[in-house]
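Undergrad: Kindly return the folded structure for what I paste below:
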Amino acid sequence: MSTLLKTMLGAVALTYCVSAHAKPFTNEDAASWAKNYNFFCGKHDKAECESDKKTFIKEIQNAYAGDFQAQTNVAYDIHDYRKRDDVPSQIESCAWQTIVVLSNSKYKDDSMERGSLEERCKRVPGTQAETLYDALPTVRERVAEIKGIIDAHTVHPIDIEEYHFVVKRDHDEKHAGDGWGTHF
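TA: Have a look, this model is predicted:
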């Protein structure tokens, strides 16, 4: 057997072994991440902020499950409930908005989503870079990480009472409360 073939087979075997033992990212992981996320209420009403944070914990799960509306809502909430100089939050908002822009969803409005992308990924104050992508390769890394979790299908959608969203009835958040009786 050639050295190249042995190397290729070894790489395949190693990849299989590592992936077989890797712990998948689950709903519990997504909820835990959201619970620990630092919502900054700032200009927002405290009760409204607390309510939005509870909904965010559910929304992040649906976003990782691949729901376009949830991904849009997560990008918005992270951007809206962050300190303006909090670069990690800006990176996270930019990454989620990038996921929205890359989506193949039939609900996507390209011009609106790209406008939001420009706003959420604009230059980081104090750097020479034009955008977060230029300043911090971590945005691209975070996008790849989020996309990998979504593509793994290990996070499943959940009901969100606040939006009257029932997974079995509505299928996606765009149909919340309506079921499949209304199609776009």
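
Undergrad: Can you tell me how far residue 50 is from residue 108?
TA: Going from residue 50 to residue 108 by Cβ to Cβ, to the nearest Å gives 30 Å. Just so you know, the C-beta spots here come from the backbone N, C-alpha and C atoms, and that holds for glycine as well.

Undergrad: Now the phi/psi pair for the residue nearest to residue 172 when sequence neighbours are not counted, please.
TA: Distance criterion Cβ to Cβ, 6 or more residues apart in numbering; nearest residue to residue 172, sequence neighbours excluded, is residue 67 at 5.4 Å. Torsion angles at residue 67 (phi, psi; degrees, to the nearest 10) stand at phi -80, psi 120.

Undergrad: do the same with residue 165
TA: Dihedral angles (degrees, to the nearest 10) for residue 165: phi -100, psi 120.

Undergrad: distance of it from residue 56?
TA: Counting by Cβ to Cβ, the gap from residue 165 to residue 56 is 14 Å.

Undergrad: These two - which one has more neighbours?
TA: residue 165 (26 against 22; other Cβ atoms under 10 Å).

Undergrad: list the contacts for the residue lying closest to the more buried one once chain neighbours are set aside?
TA: In this structure, residue 165 finds its nearest non-sequential neighbour in residue 176, 3.9 Å apart by Cβ to Cβ, 6+ apart. For residue 176, the contacting residues are 160, 163-165, 170, by Cβ atoms under 8 Å, 6 or more residues apart in numbering.

Undergrad: Could you list the buried residues of the host helix or strand of residue 47?
TA: Using DSSP states H and E, residue 47 maps to helix 46-64. Buried residues in helix 46-64, counted by 16 or more other Cβ atoms under 10 Å: 49, 52-53, 55-64.

Undergrad: Equivalent analysis for stretch 62-80, please.
TA: 62-79.

Undergrad: can you check stretch 158-168 too?
TA: Those would be 158-160, 163, 165-167, for stretch 158-168 by 16+ other Cβ under 10 Å.

Undergrad: Please narrow these to those residing in helices.
TA: residue 167 (DSSP state H).

Undergrad: Take the buried residues of stretch 158-168 and lay them out in CSV including distance to residue 90 and pLDDT.
TA: Formatted as CSV, the buried residues of stretch 158-168 follow (distance: Cβ to Cβ, whole Å; pLDDT from 0 to 100):
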residue, distance to residue 90, pLDDT
158, 27, 96
159, 31, 95
160, 26, 94
163, 26, 91
165, 28, 92
166, 34, 92
167, 31, 92
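
Undergrad: could I get the buried residues of stretch 158-168 as TSV with distance to residue 25?
TA: What follows is the buried residues of stretch 158-168, written out as TSV (distance: Cβ to Cβ, whole Å):
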residue	distance to residue 25
158	15
159	20
160	20
163	23
165	22
166	24
167	19
